[in-house]
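Chemist: my questions are about this predicted structure, shown below with the sequence.
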Amino acid sequence: MKTCLVVDDSKVIRKVARHILETLNFRVTEAGDGREALDSCLACAPDVVLLDWNMPVMSGMDFLRALRDSAIASRPKVVFCTTENGMAHIRAAIEAGADEYVMKPFDRETLESKLQIVGMA
Amino acid sequence: MSDGSDALKFNLPFERASPAGTMGVLTAILESRTGQQLGANRAWRIETELTPLMRDLGLASLEALAVAAQRSPTIAEQVADALLNQESSFFRDAAVLDLVARALAAMRVDHPERRLRIWSAGCSFGQEPLSLAMLFAEQPALAGAAMPEIIATDVSEAALARARSGRYSQFEIQRGLPIRRMVEWFDTDGTDWIAKPELVRRIAFRRMNLVAGALPSGRFDVVLCRNVLLYLTPEDRRQILDRFATILQPGGVLVLGAGETTIGQTEAFQPSPTYRGLYERDASSV
């Protein structure tokens, strides 16, 4: 069973994502900001990270840069999941090392297809 | 819309659809115009799919819509368009498209003297031919002057108009399409994503009724007809498969949807021994 870390400051979004991911047979862990997410990556080495952009403490982009620069042994796939849907944000995310990008709002089929693209579903 | 409104001024009692007959009238319109049957498992969708059209025409009920559609060919076409299952996505069954690209690259080696040709039959809003165009453009063996010609057909003029526009909603664009391809091949307009003209230009979109229309001219190396035949009668399915066989090049391949097969439908095709899941024309039957 693969593990997905859902990083979002909205409990509602985390709950919705958890429900979808569990139906796709993922074990789900959660973090409310980028800092918590980095700690979680060290502790449980997720296979994939579903990542919000705008969060308190540490943003999704700062988390991604820190993750890619870190000595964390696992190299989780990172899928942004955000309302920042403009081309400039998407290009910046790819540049920073994001593997995929989900534009909110999303549904089960969209999330499943993106996870398939990164080889996780 | 004007002919529909004018038609409604007449009140011909013999054309009035009874509630019990309404569903039959509406599904018969779909079948007569497209050959597609609305199975019992999709009948529940009739009201959902037709409610927006009813609202646009200012009609109060499905019965009124059934009457109007019998009086107006324009409204009948709108009914058929609304009932067609246009469900599609980019890179649907991506492994199958990769297989098609592999087959074409091999054909390219075997036939360097001619341009390869592909037919996307039942292309809906264009996601399949656009996916193929992107795939080919990214592969040196199939890019540039060597790029196969793509003909894409659909029975619905409304679907083709959308396909030609290359415009997709946020939901449509991100189903199946990797983010790097979205950025490379599409521009944004508000929340919509629009395929770049150089991509759309690589596809010739044409209206065609698979059941009754004339075939595209010339021969094809690959015919894709995915998730279309399952909505047709067994007789229509067999006839269409036999017609596909007549226009495939020797060694050409047929691609069907994941739940479809030629087995038991026709002798004209055999499962490909080289490309698992694809079908080859049986040389002995043509």
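Modeler: Thanks, I have it. Numbering: from 1, shown residues only, chains lettered A, B, ... in the order given.
Chemist: every contact and neighbour count from this point should use C-alpha atoms.
Modeler: Noted.
Chemist: other residues contacting the strand ranked longest in chain B?
Modeler: Counting residues, the longest strand found in chain B (DSSP state E) is strand B:248-256. Strand B:248-256 is contacted by residues B:219-227, B:244, B:272, B:277-281, B:283 when judged by Cα atoms under 8 Å, 6 or more residues apart in numbering or on different chains.
Chemist: how about it: buried residues?
Modeler: In terms of neighbour count (16 or more other Cα atoms under 10 Å in any protein chain shown), strand B:248-256 has its buried residues at B:248-250, B:252-256.
Chemist: and which of the residues you listed is nearest chain A?
Modeler: B:Leu256 (20.6 Å; Cα to the nearest Cα).
Chemist: quick one on the thing from earlier: what's the farthest-apart pair in the buried residues of strand B:248-256?
Modeler: Considering Cα to Cα, no two members of the buried residues of strand B:248-256 lie farther apart than B:Pro250 and B:Leu256, which are separated by 18.1 Å.
Chemist: please report how far B:Ala94 lies from chain A.
Modeler: Using Cα to the nearest Cα, to the nearest Å, one gets 9 Å for the distance from B:Ala94 to chain A.
Chemist: what does B:Val96 give?
Modeler: Summarising the geometry, the distance separating B:Val96 from chain A, computed by Cα to the nearest Cα, is 14 Å.
Chemist: for my notes, confirm that residue occurs in a helix.
Modeler: Yes. Per DSSP: H, G, I helix; E, B strand; the rest coil, B:Val96 lies within a helix segment.
Chemist: neighbours of it, just the number please.
Modeler: Other residues near B:Val96 come to 19 when the count uses other Cα atoms under 10 Å in any protein chain shown.
Chemist: mind listing what it touches?
Modeler: Applying Cα under 8 Å, 6+ apart, the residues near B:Val96 are B:Gly277.
Chemist: so which residues of the chain form helices?
Modeler: I went with chain A, as the question did not name one. Using DSSP state H, the helices assigned to chain A run over residues A:11-23, A:34-44, A:60-69, A:87-96, A:108-117.
Chemist: that was the other one, I meant chain B.
Modeler: Counting by DSSP H, the segments of chain B that form helices are B:2-7, B:19-34, B:45-57, B:62-71, B:73-83, B:94-110, B:127-137, B:157-165, B:170-173, B:179-185, B:197-200, B:234-247.
Chemist: let me have those in JSON lines, extended by mean pLDDT.
Modeler: Output for the helices of chain B, formatted as JSON lines (pLDDT from 0 to 100):
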{"stretch": "helix B:2-7", "mean pLDDT": "39"}
{"stretch": "helix B:19-34", "mean pLDDT": "83"}
{"stretch": "helix B:45-57", "mean pLDDT": "90"}
{"stretch": "helix B:62-71", "mean pLDDT": "92"}
{"stretch": "helix B:73-83", "mean pLDDT": "91"}
{"stretch": "helix B:94-110", "mean pLDDT": "94"}
{"stretch": "helix B:127-137", "mean pLDDT": "96"}
{"stretch": "helix B:157-165", "mean pLDDT": "96"}
{"stretch": "helix B:170-173", "mean pLDDT": "93"}
{"stretch": "helix B:179-185", "mean pLDDT": "96"}
{"stretch": "helix B:197-200", "mean pLDDT": "95"}
{"stretch": "helix B:234-247", "mean pLDDT": "94"}
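Chemist: flag every residue of the stretch 51-200 of chain B that's near chain A.
Modeler: Within reach of chain A by Cα under 8 Å from any Cα of the partner chain, the stretch 51-200 of chain B has these residues: B:170-171, B:174-180, B:183, B:188.
Chemist: at the geometric centre of chain A, which residue do we find?
Modeler: By Cα atoms, centre = their mean, chain A has its centre lying nearest to A:Leu50, at 1.7 Å.
Chemist: what sits against that residue?
Modeler: Contacts for A:Leu50 were tallied using Cα under 8 Å, 6+ apart; they are A:4-7, A:78-81.
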